[in-house]
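Novice: next input, structure requested:
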Amino acid sequence: MKMCRIFSLLLAVLLLTLTSITARAQSADTSTNSARSDAPTSSTTTNAFPSAPPYVRPTEKQKLHNYAFDMIGPYPILGAALAAGINQADNTPPEWGQGAEAYGKRFASNFGIAAVTTTTRYGLAEIFKEDTIYYRCECKGFFPRLEHAAISTITTRRGEDGHRGFSFSDLISPYAGTMTAVYGWFPSRYGAKDGFRMGNYALLASVGGNIALEFIWRGPSTLTSIMHHKKHPSP
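Specialist: Residues are numbered from 1 along each chain as shown. Have a look, this model is predicted:
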């Protein structure tokens, strides 16, 4: 029950953050249009501030590298180990017992859930034409970057211009992973309700993964960003 309340609170924060970002974007567009209408026209006007490089959609090779990192990289391994330790302490599921063998089962289970989640996310991203690679925030400061990491859990890049929108693949994939575990290798008493509950926890955990990608290390996406800036250097 406590975890359900935590998830509900997190979901509310994400929705409020999305609303605030939309409002700020509309306000920025209004201010920009007003500034353009008031500014004098001149053929010699130059941009005094550096701008962010334009968005470039990743290649299939870059997508594959990122998929491998999300599938068998350090984050899914550490996440599975941590989740297995929590499950071991809670004795979940109790049919698996305790000890090293039980921990191994729980680790393999959590790693399998993460693998199915990642594969589903990338598969759906191809169908919905979404770019699931995580991009660090162009902003500065701890809280703006934290906000970006949180909202990126349910949003993604779309189109050739890379505009941000709601992500179907990010929302659906955690539940695909947990439902596969429930009906694939969990004890028979587990059902859809348990899969949905576990999916909520998996979605919550993905926020932590994005925070790690934002503040610690983002794997092959770092190389993608370097190539991105070399192709389109800021003025």
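
Novice: what are the ranges of the helices in this structure?
Specialist: 2-38, 60-72, 74-90, 100-128, 142-151, 168-184, 192-215, 220-231 (DSSP state H).

Novice: now do the same contact list for the nearest residue to residue 107 once chain neighbours are set aside.
Specialist: In space, and not counting its chain neighbours, residue 107 is closest to residue 84: 4.0 Å by CB to CB, 6 or more residues apart in numbering. Every C-beta, even on glycine, is put in place using the N, C-alpha and C of the backbone. Going by CB atoms under 8 Å, 6 or more residues apart in numbering, residue 84 touches 103, 106, 107, 109, 110.

Novice: 7 Å - rerun?
Specialist: 103, 106, 107, 110 (CB atoms under 7 Å, 6 or more residues apart in numbering).

Novice: tell me, how many residues neighbour the residue nearest to residue 191 when sequence neighbours are not counted?
Specialist: Nearest non-adjacent residue to residue 191, counting by CB to CB, 6+ apart: residue 182, 6.7 Å away. A total of 22 residues lie near residue 182 under the criterion other CB atoms under 10 Å.

Novice: next one: residue 193
Specialist: Residues near residue 193, counting by other CB under 10 Å: 9.

Novice: please apply the same query to the one 4 residues further on.
Specialist: Around residue 197 sit 16 other residues, with neighbours defined as other CB under 10 Å.

Novice: biggest separation within the contacts of residue 84, which pair?
Specialist: 103 and 110 (10.6 Å; CB to CB).

Novice: neighbour count winner among these two?
Specialist: residue 110 (25 against 17).

Novice: separation between that one and residue 179?
Specialist: Using CB to CB, to the nearest Å, residue 110 is found at 15 Å from residue 179.

Novice: from residue 174, how far off is residue 203?
Specialist: From residue 203 to residue 174 the distance is 5 Å (CB to CB).

Novice: ok, those two, which is more surrounded?
Specialist: residue 174 (25 against 22).

Novice: hang on, isn't that one packed against residue 201?
Specialist: No: at 8.5 Å, residue 174 does not count as touching residue 201 under the criterion of CB atoms under 7 Å.

Novice: and residue 163, how many neighbours does it have?
Specialist: 9.

Novice: same deal with residue 128?
Specialist: 15.

Novice: try residue 71
Specialist: The burial count for residue 71: 15, using other CB under 10 Å.

Novice: and the one 5 residues further on, by the same measure?
Specialist: Applying other CB under 10 Å, we find 20 residues neighbouring residue 76.

Novice: what of the one 4 residues further on?
Specialist: If you count neighbours by other CB under 10 Å, residue 80 ends up with 20.

Novice: mind checking how far it is from residue 127?
Specialist: Taken as CB to CB, the span from residue 80 to residue 127 is 27 Å.

Novice: in contact with residue 130: list those residues for me.
Specialist: Contacts of residue 130 by CB under 7 Å, 6+ apart are 156, 158, 167, 169.

Novice: would you check how far apart it and residue 167 are?
Specialist: 6 Å.

Novice: now do the shared contacts for those two.
Specialist: residue 156.
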